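Asker: Dropping the sequence and predicted coords here.
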Amino acid sequence: MIAWIGYTIVVTLLLGAAALAAERAARVRRMATRWSWALAMLASLLLPGVISSVSVQVPNLLAPAAANRVIALRDVTSASLAPNRWLAGARLPAPVAATVAAGAAAATAADLDPLLKRAWAAVSAAMLLALAASALLLWVRKRRWPQRTLGGSVVYIAPDAGPAVVGLLRPRIVLPAWLLDAPASRQALVLAHEQAHLDARDPQLLTAALCLLVLMPWNLPLWWQLRRLRHAIEVDCDARVLGAGHELQEYGAALIDIGQRQSGLLVAAAAMAESRSLLEQRIRIMVAAPVRRGGAVALLCAGLAGCLVAAAAQVSPPNAGAGTAVKPAYADAPRRQQVDLPASRLLDYEGVYQLDEFLLMTVTRDGRRLWSAIDGQDKLEQYAEREDEFFSRDVTSQVSFKRNARGQVDSLVIHQGGGDMPAPRLDEASAKAVRAKIVQRSHREGPIAGGEAALRRNLDAIVDGRFYADDMTPYLAQQIERQLPQLTERMRKYGKPRSVQFSRVERVWDVYRVEHEHGVQEYHLLINSDGKVSNAYSREL
């Protein structure tokens with residue numbers, strides 16, 4: 001989660017810099033500037049998700065009859081632009097236990113992940129409630145404001161708000177009461193400004209921008225983009241008013257007068273008045289002389305904006321789709337090259353493979369794509385590195401298919417975490433028998449005998465940097481031994497277990513709720529018929 005936040009902030013900063021350059025190019029050419037910031041805000045939310053999760057089909061130009069090649073966008077980003085590498089340690093936390101034995105079993109998220117997700121949801125909800133409360137308060141205030149016809153327009157007269165445009169579905173102009181005593185020419189300028197906001201649908205644009213901000217309130221550069229958008233909306237409105245034929249000197253004097261008598265703030269409203277610093281910028285923009293060689297300057301700024309957008313698209317995301325749990329993939333894993341295999345060759349690998357007594361993996365083909373799925377888990381796409389050798393982009397694992405003397409695939413080996421796990425291929429009858437055994441194991445109410453005792457012993461031991469290999473299958477014990485330093489460091493944050501309580505049976509897994517000294521976790525154990533734990537993982541509650 002921390003890696004994802006860092007990645008998104010870097011992308012937002014680059015897109016904000018691109019919007020600055022695009023704004024400069026548009027201003028030199030006397031064009032609207034607000035769309036640069038509106039697009040930057042939208043892209044800051046969409047681009048991280050698109051880059052992380054979208055794959056595109058690229059036609060094979062050398063062999064048009066062949067199937068299109070599928071490329072994940074995250075794999076064409078630059079490895080040197082990876083914010084998760086800049087974070088301390090450069091690695092995501094290791095899984096709690098040997099889900100690596102299954103190649104794709106769920107692993108616990110980082111310690112802070114659940115807290116960060118809850119905080120994100122809470123802040124978004126609070127911001128949404130604040131906006132709803134603001135809208136309700138505005139509705140109540142509007143009911144108290146009298147209406148008048150001024151300059152041919154029906155407007156609200158407020159004692160403590162305006163000039164501004166408020167409302168989403170039916171936006172209306174709000175003028176401060178003191179403006180009624182101003183000269184008719186001043187009133188006409190103010191009305192022209194606010195009517196320009198209405199004609200350009202600026203209130204709707206601001207409301208949409210606020211809704212985008214609700215989705216990612218922790219993204220501070222996004223708040224800055226919103227501030228720039230509000231300012232650009234006013235700058236564009238100034239240009240439209242002056243373009244309609246109003247005098248520059250008189251309009252500037254009106255802005256200064258209103259800026260000195262600012263009224264109450266109206267959220268999501270296009271308001272004529274701004275802070276003094278921004279008001280000074282608007283006046284400087286209005287009186288600025290045309291830029292010499294403006295075409296060249298605009299072209300240079302537009303090119304810079306394009307380069308910054310390209311750089312944002314090249315920032316490498318954490319190896320997970322947007323909105324999904326982060327899988328244990330390491331930033332320093334070797335970058336593997338994919339090769340295309342014909343669909344006829346992929347047919348060799350389809351089948352059911354037995355990873356453990358109660359754990360099966362099914363390999364299927366979809367056109368020229370190969371997928372693997374462990375029972376009860378999501379599918380993972382497998383990419384060919386060469387014939388019989390595949391790798392995954394979602395977990396740090398590789399799969400080698402093995403052939404017998406007749407050239408038929410009869411097993412596979414999963415390479416992960418420094419260990420190798422062989423899995424024989426089952427014929428249809430054998431696969432059916434194993435699945436029946438799995439169903440029988442799943443249809444029980446109580447835990448497998450010995451599981452709770454093994455869990456207690458090893459949780460106590462791992463905190464002290466050791467474990468009981470006799471409680472586990474040899475492969476799991478091998479994986480635990482490799483990961484023991486990381487597991488010990490992580491478990492010390494939770495402390496010794498205070499209570500262990502059986503929770504439920506989830507397919508073939510026994511689920512236990514464990515209260516530690518500094519937190520609560522849920523442990524999933526897969527226990528074979530001989531009483532040995534063959535797989536385990538945990539998640540924080």
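Answerer: Great, that's in hand. Just so you know, these numbers come straight off a predicted model, no measurement behind them.
Asker: ok, the residue lying closest to Tyr353 once chain neighbours are set aside - how many residues close by?
Answerer: Using CB to CB, 6 or more residues apart in numbering and skipping residues adjacent in sequence, the residue nearest Tyr353 is Ala423, 4.1 Å away. No exception for glycine: its C-beta is placed from N, CA and C like everyone else's. Ala423 is flanked by 21 other residues according to other CB atoms under 10 Å.
Asker: ok so Ala423 is a strand residue?
Answerer: Yes: with DSSP: H, G, I helix; E, B strand; the rest coil as the criterion, Ala423 is located in a strand.
Asker: Quick check: it touching Leu355?
Answerer: Yes: the criterion here is CB atoms under 8 Å, and Ala423 meets it with Leu355 at 4.8 Å.
Asker: So which residues of the stretch 401-541 of the chain form helices?
Answerer: 428-442, 451-463, 474-494 (DSSP state H, counting those that start in this stretch).
Asker: I'd like these laid out as TSV, including mean neighbour count, mean pLDDT and distance to Arg29.
Answerer: Formatted as TSV, the helices of the stretch 401-541 of the chain follow (neighbours: other CB atoms under 10 Å; pLDDT from 0 to 100; distance: least, CB to CB, whole Å):
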stretch	mean neighbour count	mean pLDDT	distance to Arg29
helix 428-442	13	92	67
helix 451-463	18	92	65
helix 474-494	18	88	56
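Asker: List the residues that contact Leu304.
Answerer: Ala18, Ala21 (CB atoms under 8 Å, 6 or more residues apart in numbering).
Asker: Assign Leu341 to helix, strand or coil.
Answerer: Leu341 - assigned by three-state DSSP - is coil.
Asker: excluding its backbone neighbours, what's nearest it?
Answerer: Ala384 (4.7 Å).
Asker: SS state for that neighbour?
Answerer: The three-state assignment at Ala384 reads strand, by three-state DSSP.
Asker: For it, grab the count of nearby residues.
Answerer: Based on other CB under 10 Å, the number of other residues close to Ala384 is 21.
Asker: Show me what it is bridged to.
Answerer: Beta-bridge partners recorded for Ala384 (DSSP bridges): Phe390.
Asker: Tell me the spacing between it and Ala423.
Answerer: 18 Å (CB to CB, to the nearest Å).
Asker: cool, and Arg292?
Answerer: Remark: distance between Arg292 and Ala423 (CB to CB) = 72 Å.
Asker: Same check on Gln478?
Answerer: Going from Gln478 to Ala423 by CB to CB gives 16 Å.
Asker: phi, psi of Gly531?
Answerer: The phi and psi values for Gly531, taken as degrees, to the nearest 10, are phi 90, psi 0.
Asker: contacting residues around it?
Answerer: By CB under 8 Å, 6+ apart, Gly531 lies in contact with Ile448, Ala449, Gly450.
Asker: Now, those residues that are in strands?
Answerer: Nothing among these maps onto strands, per DSSP state E.
Asker: helix/strand/coil for Leu137?
Answerer: Under three-state DSSP, Leu137 comes out as helix.
Asker: neighbours around it, how many?
Answerer: Other residues close to Leu137 by other CB under 10 Å number 12.
Asker: Quick check, pLDDT for it.
Answerer: Listed pLDDT for Leu137 reads 86.
Asker: would you say His246 is within a helix?
Answerer: No: under three-state DSSP, His246 sits outside any helix and is assigned coil.
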